[in-house]
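Visitor: got a sequence here, can you model it:
(chains A and B, ligands or ions: 2)
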There are 2 protein chains.
Amino acid sequence: MFDKVYDVIVVGAGHAGSEAAASAANMGSSTLLITMNLQNIAQMSCNPAMGGIAKGQIVREIDALGGYSGIVSDTSAIQFKMLNKSKGPAMWSPRVQSDRMRFAEDWRMMLEGTPNLDFYQDMVSGLIIEGGKVAGVKTSLGIEVKAKSVVLTNGTFLNGLIHIGDKNFGGGRAGERAATGITEQLVDLGFQSGRMKTGTPPRVDGRSLDYSKMSEQPGDVVPEKFSYSNITKPLTNQRSCYMTYTSTLVHDLLREGFDRSPMFNGRIKSLGPRYCPSIEDKINRFADKDRHQLFIEPEGWNTCEVYVNGFSTSLPEDVQFKALRSVVGFEKVKFFRPGYAIEYDYFPPTQLRHTLETKLVEGLYFAGQINGTTGYEEAASQGLMAGINASLKVQEREEFVLKRNEAYIGVLIDDLITKGTEEPYRMFTSRAEYRTLLRQDNADFRLTPKGYEIGLASKARLIRMEDKHTKSDKFVQFFKDLSVKADVINPILESKNSAVVNQSGKLFKVFARPNIEMDDVRKIEEVEQYISEHDLDREIIEQTEIQVKYSGYIEKEKNNADKLTRLEDIKIPSNYDYSQIKSMSYEAREKLRKIQPTSISQASRISGVSPNDISVLLVYMGR
Amino acid sequence: MFDKVYDVIVVGAGHAGSEAAASAANMGSSTLLITMNLQNIAQMSCNPAMGGIAKGQIVREIDALGGYSGIVSDTSAIQFKMLNKSKGPAMWSPRVQSDRMRFAEDWRMMLEGTPNLDFYQDMVSGLIIEGGKVAGVKTSLGIEVKAKSVVLTNGTFLNGLIHIGDKNFGGGRAGERAATGITEQLVDLGFQSGRMKTGTPPRVDGRSLDYSKMSEQPGDVVPEKFSYSNITKPLTNQRSCYMTYTSTLVHDLLREGFDRSPMFNGRIKSLGPRYCPSIEDKINRFADKDRHQLFIEPEGWNTCEVYVNGFSTSLPEDVQFKALRSVVGFEKVKFFRPGYAIEYDYFPPTQLRHTLETKLVEGLYFAGQINGTTGYEEAASQGLMAGINASLKVQEREEFVLKRNEAYIGVLIDDLITKGTEEPYRMFTSRAEYRTLLRQDNADFRLTPKGYEIGLASKARLIRMEDKHTKSDKFVQFFKDLSVKADVINPILESKNSAVVNQSGKLFKVFARPNIEMDDVRKIEEVEQYISEHDLDREIIEQTEIQVKYSGYIEKEKNNADKLTRLEDIKIPSNYDYSQIKSMSYEAREKLRKIQPTSISQASRISGVSPNDISVLLVYMGR
Ligand SMILES: Cc1cc2nc3c(=O)[nH]c(=O)nc-3n(C[C@H](O)[C@H](O)[C@H](O)COP(=O)(O)OP(=O)(O)OC[C@H]3O[C@@H](n4cnc5c(N)ncnc54)[C@H](O)[C@@H]3O)c2cc1C
Ligand SMILES: Cc1cc2nc3c(=O)[nH]c(=O)nc-3n(C[C@H](O)[C@H](O)[C@H](O)COP(=O)(O)OP(=O)(O)OC[C@H]3O[C@@H](n4cnc5c(N)ncnc54)[C@H](O)[C@@H]3O)c2cc1C
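Guide: Ligands and ions are numbered 1, 2, ... in the order given. Coordinates of the predicted model:
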């Protein structure tokens, strides 16, 4: 039925699979996206939101490279917030609430509009392997499709098992089947697999809630957006979320179900996401806290379905219900469906290269939850990178790897393949050594040139980025050049309780003071005039402010990062034989053999490899 | 978890379940809609279209009574056609192509906006029966929900088994699980169950088709709409369908797969819809036809997914593909998914009363495909009637039954419960004895007063209908009153090759002639003047024309129908003991005992009951 050999087959149309399919096809590879249900493309399995701390940065990075997640997040947003705006710009994190149906539909339409991309609905049940290389897939209908490379993005579907209280049943997500066959074949091929779990809260009927008892959480007054492109526009209209709390009563009611909890009675053995714990986990681990926040998030513009963020649980549904009814505002709550936990297979990601290709089978890539991560953004970024690299490999071009000082995506993938993960991995700003460099405002500077070079980001994106770069640089220079008289600047300084100056000086110097902001210097006529003469938009003005105010930190981190790059540059040959290095600990040699780091820098991040081992290794590498 | 006793629980949110939930809730019953996946409400399992011959009339009837199918069909339409416009108005049948995603989303929004209606996502696995009456349902999560009545609308999901070539697997629809438990329990309770099958064609990628080789099928130039209400508007913009043909080559290629066809090799034993046959059925049954029409229908406004109407098949997917590639315009076709057949459980509908309540279990109603019907419209109308009657029963009000001369819905239900059905039942105009009365243009006259009386249709609907009634009646009277001179009317008559008149006469008489149309008489100044003075809209003008031109037929049928009503009026007591009527054939007595007709008229429609048996019965009923 498929008479051609595809360049890339992507299995699964979740967040990882959708980005993988888009990037491979946009890079000119003939691509086939196979998924179990074409009506469920890019479903949000859990909360209706994109972005957030560190995750928002990832979405901006995906967008800067030419992926679709940013665009779809914008078109389907119902609320925008820049989190951490009161902190330094390295912490600013964009986040949207999404219309769940719009998100899925917009993704589908974006994919349908992508050339070189075909679609097929079926369950992939196995891979075709020829001579140690992947050669295609087999489906549950017995169809074989040939391809030069395959990206697996099965999410939570591989042997998925859903738990609610003491009941459990097969499923990849509520109301959807599990996928079978793939794990078994991969294990036969020599892959290691493991089990993880994640959970989701109940969905409830918004019409049954008393919002007047909760506190309203509106979006930003001046909403921004994810995409650097001009395809999308910021929201002009937003929906609010609401906040309420659990209580000791609620906790007591939940505890009544602990003996029937699959988490506590040993039925679920696998580890869940530490930073996205279930409510039973929270009251267990933080027994002294007498309340936890709950965010009540609408599922879309018009629907009355509501997501109870913070109340993820796999307790028996009667316990969930009784406890939730005791939450303020939830006295009359009606359930659409209870929360549940799901266990699924993953493959420890140390079995992958930096390109997300598996070490065992050439041409086979893994991306998303299958690698032990959690979160849409983490999944999407891996999908993007796997799609890019599968495409590059087929085209016999050089691989595309982002460094830890270039992108959160680089940190993510390097962490996964170097350190592995025993529990669902999510991104945090603290995982990045150089987070001052990896900001949400400059992902385009960092990545659009690279995305353009590999043929993914469009020329239009590059031009926009260059324009922003030039204009903000010039504006910075303007501040460096402009002298202001003491009597002009001093009233402004006084109003901000900042020390006055005695003589004229460059505006840059004053502007660089911690508590002086763009809004303050805009009170100076020449500044406002420059802005209007050069028609500078919000983004350029903000970029300039960041450059002026944080240039010191940024420079320092750049220098540190350069050191990293130097270690990064000392490459280790592939399949290096560590057994010859007798002066290294056995553990280190074993770890190095397993992970096969490609550089000294990566080797140094492997747990169990000491600085001493690195010194030895450096000698062997001729340094 | 559910602490209240609902008035009505509806199981399944397909077309039947959605209408049932809406009507029960709108009639003031506290209603719970339980379905396996709340994201799949009112999915169109097969073709993206509503209405058509006889089915369009049903949608109009649903709308006239206050159901939602007409409104949603209007809001999600991408093309409108009034079929059979060249025939008499009894044959006019509205039909739309639908945007599949919009249809489902609009339905969900309509339901969310309905008071008294709660939602719950879960699989119902059994009923709670107390003292022979239904008392609620049990779900796969082990939850019990109490209710005074339950409407089952499980569609094709009960023990659903999907077939493609020689493969088969459990499923309720492609990509969705089957439902289990209910059939087994009902059979234990004494119900008879059976198996039926239906099929669907492949979905393909519109971007791979060459439409220039097909003939375009645009919508009507002046599109109308389904709903009598003013909530919806006719389309201003439409998408075209396309037409192409199979060929002897295509048929030969299909025949190559016959030995692997589950239809022909005995794997599927149950009967499929005779009038919606698979392509293999068609080339088998009509071996002399060297081609069959295929209609290429878009699945929505923006999607490139396309439905190949006329190519329903369960042949092996490689055979489907090879054959379809030989269809003109399909030379490069790419599949989204192959066609398939599905077998599922149904319950012979002779086990039901006219209210769709089961005879065996009080308070339990069946509606939709579970009753052996096929088609969205048939399902929706049964759902509407079951929801209404469940509600009326709970409210201890009189039951609501439509007669055969009042509505296609009446014909449908009477056919089902009186004659049963061995193969999937779909509606045709020929099934209605009085189809001249059951027109699409007058469903509001026929049914809105009834819908209003039971508390379902709104006052606004009633007023609109009365206004249309009065205005069209008055306009008819105007034609009866208006005298036209021969020299005014004769040029018009001549232009239509109609015999001229010698003297002045009432315009009505001339207008009643077969080939004289409204457009002709509008050439007379007084007519045009009347229309503009009274601000008559398209609907009223059309209604008037129908009344003038078809009044003869309509009157005749009304008289015939009155006879029916007289026989309808001779009621048979419930649980009547036929064994005492020795002068009746054994077969007739058995059939009568089983069906338990409520009137002589119904008894006369039971197959195996002869006119002789009816005469005998009449005597026993004291006539
Ligand atoms: C119950 C639940 C709770 C969650 N809770 C959280 C949370 O609290 N916080 C958080 O950050 N993340 C959470 N997640 C995770 C988040 O949903 C995932 O990280 C993200 O969706 C992963 O994206 P993915 O593309 O890897 O996989 P998915 O989004 O799972 O997509 C997988 C896709 O692959 C398809 N597929 C699978 N197998 C096959 C096959 N063999 N053949 C064809 N198609 C196949 C599926 O149909 C699906 O379309 C949760 C997920 C679930 C299910
Ligand atoms: C493959 C296929 C081909 C078809 N081809 C044609 C055709 O050619 N022509 C034609 O006229 N019609 C066709 N149909 C039929 C048409 O789709 C149905 O007539 C119509 O959808 C029936 O509506 P329904 O409401 O009875 O059931 P469905 O639309 O099937 O809806 C049933 C609903 O009930 C839910 N449900 C089922 N069991 C449970 C449970 N135990 N608990 C909770 N929820 C449950 C399901 O999730 C679903 O939402 C086809 C259907 C299928 C599946």
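
Visitor: close to chain B, is the longest strand seen in chain A?
Guide: For chain A, the longest strand by residue count, based on DSSP state E, is strand A:144-152. No: with Cβ under 8 Å from any Cβ of the partner chain as the threshold, strand A:144-152 lies outside contact range of chain B, at a closest distance of 10.2 Å. Where C-beta positions appear, they are placed from N, C-alpha and C, glycine not excepted.

Visitor: adjacent strands (with direction) for that strand?
Guide: For strand A:144-152, the paired strands and their directions (DSSP bridges) are strand A:6-11 (parallel), strand A:133-139 (antiparallel), strand A:364-366 (parallel).

Visitor: buried deepest among those, which one?
Guide: Per-residue neighbour counts averaged over each of the strands paired with strand A:144-152 give the maximum for strand A:6-11, namely a mean of 28 (mean count of other Cβ atoms under 10 Å in any protein chain shown).

Visitor: what lies in contact with that strand?
Guide: A:17, A:20-21, A:24-25, A:29-35, A:118, A:124, A:136-137, A:145-154, A:383, A:387, A:390-391, A:394-395 (Cβ atoms under 8 Å, 6 or more residues apart in numbering or on different chains).

Visitor: mean confidence for it?
Guide: Strand A:6-11 carries an average pLDDT of 98.

Visitor: average pLDDT for whichever helix or strand comes after it?
Guide: Of the helices and strands lying after strand A:6-11 in sequence (DSSP states H and E), the nearest is helix A:15-26. The average pLDDT within helix A:15-26 is 98.

Visitor: could you tell me the angle between helix A:15-26 and strand A:6-11?
Guide: Computed with axes from the mean of the first three to the mean of the last three Cα atoms, to 10 degrees, the direction of helix A:15-26 lies at 170 degrees from that of strand A:6-11.

Visitor: dump helix A:15-26 to PDB, restricted to CA.
Guide: Listed next in PDB are the C-alpha coordinates belonging to helix A:15-26 (Å, rounded to 0.1, in the frame of the first residue of the first chain):
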ATOM      1  CA  HIS A  15       3.900  16.900  20.900                       C
ATOM      2  CA  ALA A  16       7.200  15.100  20.100                       C
ATOM      3  CA  GLY A  17       5.800  13.400  17.000                       C
ATOM      4  CA  SER A  18       4.100  16.500  15.600                       C
ATOM      5  CA  GLU A  19       7.300  18.600  15.900                       C
ATOM      6  CA  ALA A  20       9.400  15.700  14.500                       C
ATOM      7  CA  ALA A  21       7.100  15.300  11.500                       C
ATOM      8  CA  ALA A  22       7.000  19.100  10.800                       C
ATOM      9  CA  SER A  23      10.800  19.600  11.100                       C
ATOM     10  CA  ALA A  24      11.700  16.500   9.000                       C
ATOM     11  CA  ALA A  25       9.200  17.500   6.300                       C
ATOM     12  CA  ASN A  26      10.200  21.200   6.300                       C
END
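
Visitor: hmm, that helix touching ligand 1?
Guide: Yes: using Cβ under 6 Å from any ligand atom, helix A:15-26 reaches ligand 1 at A:15-17.

Visitor: most neighbours, which of those?
Guide: With neighbours set by other Cβ atoms under 10 Å in any protein chain shown, the maximum within these is found at A:Ala16, which has 35 neighbours.

Visitor: identify the spatial nearest neighbour of that residue, chain neighbours not counted.
Guide: In space, and not counting its chain neighbours, A:Ala16 is closest to A:Gly368: 2.9 Å by Cβ to Cβ, 6 or more residues apart in numbering or on different chains.

Visitor: next, A:Ile283: phi, psi?
Guide: Phi and psi for A:Ile283, reported as degrees, to the nearest 10, are phi -70, psi -20.
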